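Visitor: Dropping the sequence and predicted coords here.
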Amino acid sequence: MSNQTAWLDKAVFYEIYPQSFCDTNADGIGDIPGIIGKLDYIRDLGCTALWLNPCFLSPFGDAGYDVEDYYTVAPRYGTNEDLANLFREAHKRDMHVLLDLVPGHTAVTHPWFRESMKAEKNAYSDRYIWTDSIWEEPQGMGCIRGISSRDGSCAVNFFSHQPSLNYGFYRPDPDCKWQQPMDGEGPMATRETLKDIMSFWLKMGCDGFRVDMAGSLVKQDEECKGTIALWQDIRQFLDSEFPGAVMVSEWGEPDKSLVAGFHMDFLLHFGPSHYNDLFRCDEPYFSRRGRGSAREFVAAYRENYAKVGGKGLICIPSGNHDMDRLARRLDQEEMKIAFAFLLSMPGAPFIYYGDEIGMRYVENLVSVEGGYGRTGSRSPMQWNKGVNAGFSAAAKEKLYIPQDESGDRPDAESQSADPCSLRSEIKRLMALRQKHPALQNKGDITFVSDGYPLVYKRSYGGQSITVVIHPADEKAAVPDVGGSILYKLGAALRLEGGTLHMDGPAAVFIEK
């Protein structure tokens, strides 16, 4: 890691869904000036970096993950200058900003796609993955067809309005002439354009990118060898031109993403990580009922950690725009224990806006901009007890997504003033993490127990801290943990002769 990216060693990220964060012009949609106005709040919490979900020009069929222009901020959020100002204001506070990069697909309204639909060969004909016949669909991928004079079907990555950009096929089928190799003219033009987009925002002051679906660019690439090579090429370009550029992948396979040149990889809420065994299942591990299990999560984490030799950062988010809110399954006290875990694990923690105050999943909402079941986790931030919880001065019916209407909905102002609140507990945990290198992003981890309680040791530079996480409402004793208590949450805790006795739920950090 270069000196320019050393800030990652202590980074804690705050994810902002811009349309739901803070509205300054009373149109019911959050905006970039609103984010700037809340930087001090985020810094006070203890977060040192931001991840902004897509804020570029878009028809918003998928909340901005359908990009129409990679070089222009969507007018509803502000201007390019507003975004550049956000970078400057964040840097004044010793904070960093990552933009959300969507390299795999665009909106159907993107000018590149409009050109690619034409029957006549042009510079954008091969920018997307088109078959040679309207009757042939790309195997293993969805497609759109019958929409233009061009004879062919176009592959899509997710929704039918998100045509897949062409980075080539790792093993193209010789019988399918439309399956181009990675070094074909179309795939290489797409790759070079991606570098141009990254350069544009890095020169503007952006610190790097969280990359959407980073492991899916090259097709027919089961072992991701082609995709790894592609990102290694991009990393080489960045190291030459922008050595401080940070790259975080939505991949879920750190043994691949970190080799590819990413600094960090997310544990995803789908796939084999068992991340949601902890927070989002019928019996989550962090419920005080004590009926859940962390065993498969710990096994998966150990496996991934061993694959990368403890190098690079495996990140565990509190949630994100695609997941249920923590509060859908856990109450505020259970979430305090969950955050004691999240903020004592290796890798850079990511806190989804509002999770620090325990914002709830809003049930039974009509889908907004492709959210569907995810819409309830994207409701406007609750800042205070005023109109629209301080999110916007617009009429309630104009809000981007309806808010939690509960009379006891949490808000940031009240929790900031309450020393016993979830936010105040998270702030204490953040400060403790920043003070002790063993608890920070690069500290080693060794699991001692994967049941109730969960016990692991963090170590770095001669410091060793044992972390005991006990969500269950039952008594427990943990042997061989002598030392001094750095942090405790819960009642009836005592350390006697190297054995920790406690009534649950509880969390304890002990330095030896």
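Guide: Noted; the coordinates are in hand.
Visitor: Flag every buried residue along stretch 117-134.
Guide: Judged by neighbour count (16 or more other CB atoms under 10 Å), stretch 117-134 contains these buried residues: 117, 124, 125, 126, 127, 128, 129, 130, 131. No exception for glycine: its C-beta is placed from N, CA and C like everyone else's.
Visitor: who's in contact with the closest residue to the second one other than its chain neighbours?
Guide: By that I understand residue 124. Excluding the flanking residues, the one nearest residue 124 by CB to CB, 6 or more residues apart in numbering is residue 115, at 3.8 Å. Residues near residue 115 by CB atoms under 8 Å, 6 or more residues apart in numbering: 122, 123, 124, 125, 127.
Visitor: What pLDDT is listed against the fourth one?
Guide: Think residue 125. Residue 125 is assigned a predicted lDDT (pLDDT) of 98.
Visitor: In the stretch 101-250 of the chain, what residue spans correspond to strands?
Guide: Assigned by DSSP state E, counting those that start in this stretch, the stretch 101-250 of the chain shows strands spanning 142-145, 153-156, 208-211, 246-249.
Visitor: In TSV, list those along with distance to residue 195 and mean neighbour count.
Guide: Conversion of the strands of the stretch 101-250 of the chain to TSV gives the following (distance: least, CB to CB, whole Å; neighbours: other CB atoms under 10 Å):
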stretch	distance to residue 195	mean neighbour count
strand 142-145	27	18
strand 153-156	23	24
strand 208-211	12	26
strand 246-249	13	26
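Visitor: which one of those strands lies closest to residue 236?
Guide: strand 246-249 (12.2 Å; CB to CB).
Visitor: Provide the secondary structure category for residue 259.
Guide: Using DSSP: H, G, I helix; E, B strand; the rest coil, the structure places residue 259 in coil.
Visitor: give the contact list for it.
Guide: Per CB under 8 Å, 6+ apart, neighbours of residue 259: 228, 232.
Visitor: Residue 512 reaches residue 467, doesn't it?
Guide: No. The criterion here is CB atoms under 8 Å, and residue 512 misses it with residue 467 at 11.8 Å.
Visitor: out of the two, which sits in the more crowded spot?
Guide: The neighbour comparison of residue 512 against residue 467 (other CB atoms under 10 Å) goes to residue 467, with 25 against 14.
Visitor: any idea how far residue 120 lies from residue 128?
Guide: 15 Å (CB to CB, to the nearest Å).
Visitor: next one: residue 473
Guide: From residue 473 to residue 128 the distance is 55 Å (CB to CB).
Visitor: Let me see the ranges of the strands in the stretch 251-400 of the chain.
Guide: 264-266, 313-315, 350-352.
Visitor: Identify, out of these, the most deeply packed stretch.
Guide: strand 264-266 (a mean of 26; mean count of other CB atoms under 10 Å).
Visitor: Within the sheet, what are the partner strands of it, with directions?
Guide: strand 246-249 (parallel), strand 313-315 (parallel) (DSSP bridges).
Visitor: rewinding a little: let me have the strands of the stretch 101-250 of the chain in a markdown table, extended by mean pLDDT and distance to residue 487.
Guide: Formatted as a markdown table, the strands of the stretch 101-250 of the chain follow (pLDDT from 0 to 100; distance: least, CB to CB, whole Å):
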| stretch | mean pLDDT | distance to residue 487 |
| --- | --- | --- |
| strand 142-145 | 95 | 49 |
| strand 153-156 | 98 | 48 |
| strand 208-211 | 98 | 30 |
| strand 246-249 | 96 | 28 |
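Visitor: got JSON lines for those strands, with distance to residue 192 too?
Guide: Formatted as JSON lines, the strands of the stretch 101-250 of the chain follow (distance: least, CB to CB, whole Å):
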{"stretch": "strand 142-145", "distance to residue 192": "25"}
{"stretch": "strand 153-156", "distance to residue 192": "21"}
{"stretch": "strand 208-211", "distance to residue 192": "17"}
{"stretch": "strand 246-249", "distance to residue 192": "17"}
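Visitor: And the ones you listed: which comes nearest residue 82?
Guide: strand 208-211 (18.7 Å).
Visitor: Which strands or helices does the closest one pack on?
Guide: Secondary-structure packing of strand 208-211 (3 or more CB pairs under 8 Å, 6 or more residues apart in numbering; DSSP states H and E): strand 96-101, helix 185-204, strand 246-249.
Visitor: now it, how far from the centre of its chain.
Guide: 10 Å (CA atoms, centre = their mean, to the nearest Å).
Visitor: quick one: strands adjacent to that strand?
Guide: Strand 208-211 pairs in its sheet with strand 96-101 (parallel), strand 246-249 (parallel), by DSSP bridges.
Visitor: Distance to residue 394 added to these, as TSV?
Guide: Shown next, in TSV, are these (distance: least, CB to CB, whole Å):
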stretch	distance to residue 394
strand 96-101	25
strand 246-249	33
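Visitor: Can you check which of these gets nearest to residue 67?
Guide: Closest among those, once you apply CB to CB, is strand 96-101, at 9.3 Å.
Visitor: Contacts only, for residue 57.
Guide: Residue 57 neighbours (CB under 8 Å, 6+ apart): 67, 68, 69, 72, 73, 74, 75.
Visitor: Produce a ChimeraX select command limited to the buried residues of these.
Guide: If you want just the buried ones from the contacts of residue 57 in ChimeraX, going by 16+ other CB under 10 Å, the selection is:
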select :67,68,69,73,74
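Visitor: how about CSV for the contacts of residue 57, with pLDDT, distance to residue 435 and secondary structure added?
Guide: As requested, the contacts of residue 57 are exported to CSV (pLDDT from 0 to 100; distance: CB to CB, whole Å; DSSP: H, G, I helix; E, B strand; the rest coil):
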residue, pLDDT, distance to residue 435, secondary structure
67, 98, 40, coil
68, 98, 45, coil
69, 98, 44, strand
72, 98, 42, strand
73, 98, 37, strand
74, 98, 40, coil
75, 98, 43, coil
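Visitor: Just name the closest of the contacts of residue 57 to residue 279, please.
Guide: Ranked by distance to residue 279 (CB to CB), those are led by residue 67 at 30.1 Å.
Visitor: My read is that the closest one contacts residue 104, right?
Guide: No. Counting by CB under 8 Å, residue 67 does not reach residue 104; the two are 10.3 Å apart.
Visitor: Near residue 301, how many other residues are there?
Guide: 24.
Visitor: meant to ask about residue 420, not that
Guide: 9.
Visitor: tell me the SS of it?
Guide: coil.
Visitor: re earlier: would you turn the helices and strands packed on strand 208-211 into CSV with distance to residue 31?
Guide: Compiled in CSV, the helices and strands packed on strand 208-211 are given as follows (distance: least, CB to CB, whole Å):
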stretch, distance to residue 31
strand 96-101, 15
helix 185-204, 18
strand 246-249, 24
